[in-house]
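In: Sequence isn't available, so here's the structure alone:
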Ligand code: CDT
C-alpha cells in the first residue's frame, strides 16, 4: 500500500464580518473541487474557516454567538461534507464551536474520505487577552471568547498514517509537536489566523512570516513529521493577516507554498514513509530522549531564574 498521501493546503483570503456561511461554504466547495481535481486525498482548511476572525472585535454576546456553530455539520455546512464524500476526499476544518451545554471552543475536525469524523480538537493555547484593551488598533480577544481545550493532543490512525491537529498559536509551542511526536504522528494539520501587526511588540511585525516558517519547520523536523500550515490571510476586517501557507516535510523543507493572499490551493505528495527515516535515526526517541531530565517541563509553568549568588 502506497503511503504517498496527496495533501492540499486550501488557504483562504479574507472573510468579512457580514459574510454569510453559505457564501463561505461555497468558497470552500470551489477549493475542495479544485483540490480533488488535482488528486488531493486530504484538503486542509484554516482555523475559524467559516467566519471572520472575530476576536479582533469587542462584541456583545448576542453578536459573538452568531460566529459559533451549534452543530457540525449544520444545514449550512452539510454541502461541504456531502461533496467531500462524493469526491472521496477528506478534509480538516476549523470553526468556533458552541457545545449543547454552553461551552465555547476554537475547534478543528478531521473528516475521513468516507465522511467519518476522525477527531475533534479544541485549541489548547489561547493567545491574546481576556479584556478589551482600547490602546490596541484591534483586539485579540480569544481568551474572552473561548475556553481552553480540556483534552490533550491526540494522534489518530487515518489517511494511511497517523494524523494530529493543532491550531494556530499551538504551533509556537514545542510541546505541541512533541506530544504528537510521542504518539508517532506523521502529519499534523495546523490552521492559522495570524495578524501581521503584534501590538505588544511591533518590532516583531517584519518577522511574522519568518517566525511562522521557523516554528512549523522546527516542529516537523524535530518530530519527524509532515506539517501542513494553512492560513486565513489577506486584509480581513481592515487587519492584515499572514498568508504564506506551506506544506513541510520531516526534513524541515518546504515542499509547497502559497504565493497569494487569497483563496489558493497548493498540493504536495506527502510520503508518510519518509517520517520513518528520521524517526529511526537522529530522532529515535526511545534511544536518545532523556525524560528523566525533563521534569520541569511538566511540573513548572513560568520561568524560575537561578538565584543570585
Ligand atoms: N489565532 C492565533 O492563535 N493567532 C496568534 C496571534 C499572535 S498572538 C496575539 C498566533 O500565534 O498566530
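Out: Ah, there it is. Please read these numbers as outputs of a predicted model, since none were measured by experiment.

In: Write out the residues of the protein neighbouring the ligand.
Out: 47, 127-128, 140, 168-169, 172, 192-194 (C-beta under 6 Å from any ligand atom). Every C-beta, even on glycine, is put in place using the N, C-alpha and C of the backbone.

In: Now restrict those to buried residues only.
Out: 47, 128, 140, 168-169, 172, 192-194 (16 or more other C-beta atoms under 10 Å).

In: mind giving me TSV with those residues and columns for secondary structure and pLDDT?
Out: As requested, those are exported to TSV (DSSP: H, G, I helix; E, B strand; the rest coil; pLDDT from 0 to 100):
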residue	secondary structure	pLDDT
47	coil	99
128	coil	98
140	coil	98
168	helix	98
169	helix	99
172	helix	99
192	strand	99
193	coil	99
194	coil	99
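
In: between those, which is nearest residue 14?
Out: Nearest to residue 14 among those: residue 193, at 10.2 Å, using C-beta to C-beta.

In: and the spatially closest residue to that closest one that is not a sequence neighbour, how many neighbours does it have?
Out: Setting aside the residues directly before and after it, residue 193 is nearest to residue 53 in space (C-beta to C-beta, 6 or more residues apart in numbering), at 4.2 Å. Residue 53 has 26 neighbours, counted by other C-beta atoms under 10 Å.

In: I'd say residue 53 and residue 238 touch.
Out: No: with contact defined as C-beta atoms under 8 Å, residue 53 does not count as touching residue 238 (11.6 Å).

In: Tell me the spacing between the nearest residue to residue 258 once chain neighbours are set aside and the ligand.
Out: Spatial nearest neighbour of residue 258, chain neighbours left out: residue 245 (4.1 Å); criterion: C-beta to C-beta, 6+ apart. According to C-beta to the nearest ligand atom, to the nearest Å, residue 245 and the ligand sit 13 Å apart.

In: Then residue 41?
Out: Counting by C-beta to the nearest ligand atom - residue 41 and the ligand are separated by 27 Å.

In: Can you get me a residue count around that residue?
Out: 20.

In: if we can go back for a sec, check what pLDDT the residue nearest to residue 258 gets.
Out: Residue 245 carries a pLDDT value of 99.

In: Give me the neighbour count for it.
Out: 30.

In: For it, give me its contacts.
Out: Applying C-beta atoms under 8 Å, 6 or more residues apart in numbering, we find residue 245 in contact with 9, 11, 46, 229-231, 233, 257-258, 264, 266.

In: Report the closest residue of the stretch 1-150 of the chain relative to the ligand.
Out: residue 127 (3.6 Å; C-beta to the nearest ligand atom).
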